[in-house]
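A.B. asks: sequence and predicted structure below; questions after.
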Amino acid sequence: MIETVKELILDKRIVILGFGREGKSTYQLLERAGGYKELAIADLNPVKDSLPEYVQCICGEDYQDGLDNYDIVFKSPGVVLEKDLDQYSCHILSQTEVFFARYKNQIVGITGTKGKSTTTTLLYQILKSAGKKAVLAGNIGIPAFDMIDSIEEDSIVVFEMSSHQLEYMTVSPRIGTLLNIHEEHLDHYGTMEKYVAAKERIYKNMKKGDILFCNVENLPKAGACSAKIVSFPVKEQLNLVMVQENEPCITYKGDSFLIPTEEIQLVGAHNYLDIAVAYGIAKELAITNEEFKKGLLMYHPLPHRLEPIGTYGGITFYDDSISTICDTTMKALSSIKNVGTVLIGGMDRGIRYGELIEFLSENHVSHIILMEATGKRIYEEIGRDYKDFKNPQRLRLVKDLKEAVMLAKEITEKGTSCILSPAAASYGIFKNFEERGDVFKQYVKEL
């Protein structure tokens with residue numbers, strides 16, 4: 001990989017666009033490779049790291065103005081380009097693209113609006129417990145370049161892919177997974193069409209012999225994907241079958257696996273579907289049912305994903321701070337038995353809440369506590385546009401998360417559950433959804 005990068009940057013003027021975790025990872029590898037003609041860092045915020053004098057730092061509001069003065073731009077995923085890609089004369093790429101170009105045939109790429117982290121880490125756990133040489137990387141918080149020393153010729157790289165990482169990709173993984181697409185990140189993309197297009201890049205450059213696991217609602221149009229397509233969930237066709245009657249059962253390529261729901265820590269139909277997708281991929285990688293079950297039983301769910309906090313004052317609290325869209329809140333309320341209270345609201349990114357409002361109207365949850373900007377908007381929309389909303393006295397509007405927890409402790413009936421499942425982003429209020437979940441846990445235990 002080092003030689004690949006060195007050949008790419010030899011005698012070139014290079015700028016790293018965005019100097020967060022991935023930008024710093026890119027810098028470290030470029031320094032190892034060497035051979036570039038010039039190196040610069042461009043970031044909106046000041047660069048506080050101690051760098052050699054020959055590394056130029058371009059910071060401030062106009063940090064993107066001079067990109068065409070360089071031959072290659074390594075763009076970090078979170079940076080939004082100020083112009084369309086075809087308006088630049090420089091070569092804009094990412095470390096993800098360079099990594100995929102080198103290791104494509106060893107990569108399982110997993111994306112989706114929701115469920116990608118669970119599916120990625122579950123598959124990695126299963127492969128590791130089966131004795132495979134597995135490497136975890138990507139949007140899970142591990143920059144690709146940081147893992148190159150861990151990859152051997154027979155390693156399997158399980159790579160979580162965000163829409164930001166996919167946006168300009170020209171390489172697809174050998175095995176790709178598109179779990180779902182829901183309204184999200186419109187503050188970044190502007191339109192749903194652009195967001196969908198970014199997600200679809202996971203298969204746009206697939207070749208014959210590659211495999212795409214894809215939700216039936218997001219299947220490629222005819223001729224848009226050269227890979228073998230495995231659709232899910234499907235009940236009447238071949239492909240990956242998920243049957244949920246008494247116990248959820250998965251069938252793939254004539255092999256079946258009954259999910260041991262009483263023995264695992266993942267709960268809810270949405271998690272069972274993630275397990276089904278991991279099963280299909282695992283079978284493609286020659287994992288036996290016994291090996292799959294062993295890894296599944298060992299798996300511990302990631303924090304802030306319907307994570308049980310504990311029972312306080314007779315109320316069982318769950319942290320589902322990862323929920324930033326309507327669909328995940330609806331799934332949370334459908335997955336946990338005897339929900340007494342749900343906490344909803346956060347940053348307003350302009351997504352539509354009609355589907356969630358209609359679901360809440362029919363749901364039996366006793367108390368719906370609404371907070372922050374989206375909570376207020378939902379409250380006002382119900383009052384204005386949903387005159388037939390059932391039992392509107394369930395709605396309670398508060399200022400913020402602390403007030404929401406205080407009210408929940410007061411009004412939630414003992415023996416029931418209280419779920420934080422915001423259906424909204426945390427930005428502008430908290431650093432990220434992890435911090436929001438941690439603060440929620442702190443409030444619950446303090447109050």
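C.D. replies: Cool, the structure landed. Numbering: from 1, shown residues only.
A.B. asks: ok, which stretches of the stretch 151-300 of the chain are helices?
C.D. replies: Counting by DSSP state H, counting those that start in this stretch, the stretch 151-300 of the chain has helices at residues 163-166, 186-189, 192-204, 269-284, 289-298.
A.B. asks: what's the domain layout of the protein?
C.D. replies: Listed by automatic domain parsing, the domain ranges of the chain are 2-92, 97-298, 307-446.
A.B. asks: remind me which residues of the chain are low pLDDT?
C.D. replies: 186, 234-238, 244-246 (pLDDT under 70).
A.B. asks: quick one: contacts for the residue minimising distance to the centre of it?
C.D. replies: The residue lying closest to the centre of the chain (C-alpha atoms, centre = their mean) is residue 116, at 5.0 Å. Residues counted as contacts of residue 116 (C-beta atoms under 8 Å, 6 or more residues apart in numbering) are 110, 139, 160, 161, 179. From N, CA and C alone the C-beta is placed, and that goes for glycine too.
A.B. asks: can you name the two of those that sit furthest apart?
C.D. replies: Farthest-apart pair in those is 139 and 179; separation 13.0 Å (C-beta to C-beta).
A.B. asks: top of the contacts of residue 116 by neighbour count?
C.D. replies: Of all the contacts of residue 116, residue 110 has the most neighbours under the rule other C-beta atoms under 10 Å, reaching 34 neighbours.
A.B. asks: give the helix, strand or coil label for that residue.
C.D. replies: The three-state label given to residue 110 by DSSP: H, G, I helix; E, B strand; the rest coil is strand.
A.B. asks: please name the nearest non-neighbouring residue to it.
C.D. replies: Counting by C-beta to C-beta, 6 or more residues apart in numbering, residue 110 lies nearest to residue 177, which is 4.4 Å off, once chain neighbours are set aside.
A.B. asks: again, but for residue 56
C.D. replies: Of all residues not flanking residue 56 in the chain, residue 40 sits nearest, at 4.1 Å (C-beta to C-beta, 6+ apart).
A.B. asks: quick one: residues in contact with the host helix or strand of the one you found.
C.D. replies: Using DSSP states H and E, residue 40 falls within strand 38-43. Under the contact criterion C-beta under 8 Å, 6+ apart, strand 38-43 has outside partners 13-19, 23, 27, 30, 47, 51, 54-59, 63-64, 66-67, 70.
A.B. asks: can you do 7 Å?
C.D. replies: Identification of contacts with strand 38-43 by C-beta atoms under 7 Å, 6 or more residues apart in numbering yields 13-19, 30, 47, 55-59, 63-64, 70.
A.B. asks: buried stuff in the helix or strand following that strand?
C.D. replies: Using DSSP H and E, the helix or strand that follows strand 38-43 towards the C-terminus is strand 55-59. Going by neighbour count (16 or more other C-beta atoms under 10 Å), the buried part of strand 55-59 is 55, 58.
A.B. asks: tell me how far strand 55-59 lies from the chain's centre.
C.D. replies: 31 Å (C-alpha atoms, centre = their mean, to the nearest Å).
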